[in-house]
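Undergrad: Give me a 3D structure for the following:
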Amino acid sequence: MKNHSRTSVLTIDGFSPEAKALRRHFEKRFAEPRAADGGRFVWDYWHVPGQYTALRTPAYLYFPKKTYDSFHQRLVWWGRRHLGCHDVSPPWLSCYVEGCKQELHGDLPHGPWAFVFSLTPWAKRAFSGGETVLLREEVLSYWSSGGGDRGLERDDVLQAVDAEFNRLTVFDPRIPHGVREVRGTHDPRHGRLVVHGWFVQPRPFIEGPLAAKELAAAIDDLSGALGELLARGLDVRGVFSARFRVGTDGRISGFKVLTNALRQPERDPSDERAILALVRRFFAARSFRKQRGASSVTLPLIFER
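TA: Residues are numbered from 1 along each chain as shown. Modelled structure (predicted):
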């Protein structure tokens, strides 16, 4: 819990064993350009002038059910264990060819975390562009972080994340983000291919025999303590998630902050530190009843206006 650093972007490489099979299915559908079958007619050309251009289709309807369900469940369980989000929104499969892009935008209120899973053979790509881009923290607090004191170029303003094959990228969707325009191919097989959506339904996730009612009582007490702290005028918004272990003796150990997307209007992060410190003290002093086995708890805490 000593590290209070913010977590805006997470990248997990080699995320899914199903990635190669999903990619092969996509390539098979486009293998014969002159073919005319229903599997090729599922794409929506999504174009919002000046904002979005891409080919898209519901991912869960596009791929073979067994392979896709295995990938989908892996994604859901990752969100439960690392974010405390119990599900994902129905994911899209999007393909970017010549001229496709997304201009900067924010995604609220779809979910507390957005994700992009790449099925793009990035190392062999024949196009330019296609990176996910996000405004950097320094830009989001431009003047209070010394804006105007030095020159800026694109990479000083935007963080770019390559769409490496089998990479899961997770980020705070409140941050203005987009996709750089793809140039260099009209062939869908050679474009940027990603599955994307949002992690949703944040709530505590328990693995083990710890009773949900007992955890709920602890969270109620924590909410009261946080309410007293916020009543002093703290202005913090966003979400963070933590994980801890409950032993057979009921004692808590291994408390760890997994993600921290708390933000406050001013640059000074003292309000964020105060909240994180309170949560740490609360669980250091808390214990539960003895239980049959150890439990692991992922706890998301959301702060809204």
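Undergrad: Please, where are all the helices along this protein?
TA: 19-29, 59-62, 65-82, 137-140, 154-157, 212-230, 270-285 (DSSP state H).
Undergrad: which of the residues in the fourth one are buried?
TA: By that I understand helix 137-140. When burial is assessed from 16 or more other CB atoms under 10 Å, helix 137-140 yields the following buried residues: 139-140. For glycine as for every other residue, the C-beta is placed from the backbone atoms N, C-alpha and C.
Undergrad: Strands of the stretch 151-300 of the chain, residue ranges please.
TA: Assigned by DSSP state E, counting those that start in this stretch, the strands in the stretch 151-300 of the chain fall at 158-161, 168-171, 177-179, 192-202, 205-207, 238-246, 252-260, 295-303.
Undergrad: Export those as CSV, with columns for mean pLDDT, mean neighbour count and distance to Phe127.
TA: Formatted as CSV, those follow (pLDDT from 0 to 100; neighbours: other CB atoms under 10 Å; distance: least, CB to CB, whole Å):
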stretch, mean pLDDT, mean neighbour count, distance to Phe127
strand 158-161, 94, 17, 15
strand 168-171, 97, 22, 18
strand 177-179, 97, 23, 12
strand 192-202, 97, 22, 7
strand 205-207, 97, 18, 39
strand 238-246, 94, 22, 35
strand 252-260, 94, 16, 32
strand 295-303, 95, 20, 37
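Undergrad: right, so of these, which gets closest to Arg74?
TA: Among the strands of the stretch 151-300 of the chain, the nearest to Arg74 by CB to CB is strand 168-171 (9.6 Å).
Undergrad: measure the nearest residue to Leu234 once chain neighbours are set aside to Asp172 for me?
TA: Nearest non-adjacent residue to Leu234, counting by CB to CB, 6 or more residues apart in numbering: Asp271, 4.3 Å away. As judged by CB to CB, to the nearest Å, Asp271 and Asp172 stand 17 Å apart.
Undergrad: who's more crowded, those two?
TA: Comparing Asp271 with Asp172 by other CB atoms under 10 Å, the one with more neighbours is Asp172, at 24 against 21.
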